[in-house]
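Colleague: give me the fold of what follows.
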Amino acid sequence: MNKTSPIGMLLYPDGSIYVGQMTQFVKQGVGKVIEYSGGFKEGRWENEKLSGPNCRIYNHESGDFYQGPVEEGKRNGRGRLYDADRDEVYDGEFENDKKQGVGMIYKRNGQVMKGDFRNNCMEGPFENVYKADAKELKDVFDKAINHKGVFIAVQK
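Modeller: Numbering: from 1, shown residues only. Okay, here's the model as predicted:
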């Protein structure tokens with residue numbers, strides 16, 4: 001039988017709030033940190049670090065929004081990042097919090113490109129894959145930008 005951690009709230013001096021499971025005032029289990037700036041980090045926590053397959057990170061200052069796996073607080077694995085500055089969506093591999101490996105870039109004009117990334121930068125030429133229609137483009141951007149949804153996690 002699984003023992004579920006108690007649910008509570010932690011308030012930090014910087015104005016951020018943690019709501020979720022914890023063990024002796026340590027973030028442990030499913031929860032969400034809401035930053036004073038308006039950003040948040042949510043998903044599974046292990047010893048104070050965001051770490052799980054289905055995490056969401058929203059940076060209020062930049063407008064960037066990430067959905068995907070996180071290990072020890074860093075993006076790792078296949079995820080999706082909305083880059084607000086470039087107004088584009090990256091769907092691909094991350095390693096140690098950086099774009100690393102094969103990824104697809106979706107631009108607002110419908111252009112869909114595939115390329116290899118190393119250390120957050122494109123390496124070599126992009127392959128123009130296709131031009132997305134308006135419906136697909138809306139779907140991709142809506143899913144990538146929707147950080148206002150309610151986070152629901154299933155305890156295993």
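
Colleague: ok, Val112 touching Tyr130?
Modeller: Yes: look at Val112 against Tyr130 with CB atoms under 8 Å: they come within range, at 5.4 Å. From N, CA and C alone the C-beta is placed, and that goes for glycine too.

Colleague: center of the protein - which residue?
Modeller: In the chain, the centroid-proximal residue (CA atoms, centre = their mean) is Tyr66; its distance is 2.4 Å.

Colleague: is that residue bridged to anything, and to what?
Modeller: For Tyr66, the beta-bridge partners under DSSP bridges are Ile57, Leu81.

Colleague: wait, doesn't it sit right on Gly77?
Modeller: No: counting by CB under 8 Å, Tyr66 does not reach Gly77; the two are 11.3 Å apart.

Colleague: and for these two, which residues touch both?
Modeller: Common neighbours of Tyr66 and Gly77, counting by CB atoms under 8 Å, 6 or more residues apart in numbering, are absent.

Colleague: quick one on the thing from earlier: ok, so what distance separates the residue nearest to the centre of the chain from Leu10?
Modeller: 23 Å (CB to CB, to the nearest Å).

Colleague: for the host helix or strand of Gly115, buried residues please.
Modeller: Using DSSP states H and E, Gly115 sits in strand 111-118. For strand 111-118, the neighbour count (16 or more other CB atoms under 10 Å) marks Gln111, Val112, Met113, Gly115, Asp116, Phe117 as buried.

Colleague: what does the pLDDT read for Lys3?
Modeller: Per-residue confidence at Lys3 stands at 60 (pLDDT).

Colleague: repeat that for the one 4 residues further on.
Modeller: The pLDDT attached to Ile7 in the predicted structure is 89.

Colleague: got the buried residues for stretch 115-128?
Modeller: By neighbour count on 16+ other CB under 10 Å, the buried set for stretch 115-128 is Gly115, Asp116, Phe117.

Colleague: also stretch 7-23?
Modeller: Neighbour-count burial for stretch 7-23, counted by 16+ other CB under 10 Å, picks out Ser16, Tyr18, Gly20, Gln21, Met22.

Colleague: so what touches the strand holding Gly115?
Modeller: So strand 111-118 is contacted by 92-93, 98-107, 122-132 (CB under 8 Å, 6+ apart).

Colleague: name the nearest residue to Gly31, sequence neighbours excluded.
Modeller: Gly20 (1.8 Å; CB to CB, 6 or more residues apart in numbering).

Colleague: follow-up on the earlier one: which among the buried residues of stretch 115-128 gets closest to Val30?
Modeller: Phe117 (30.2 Å; CB to CB).
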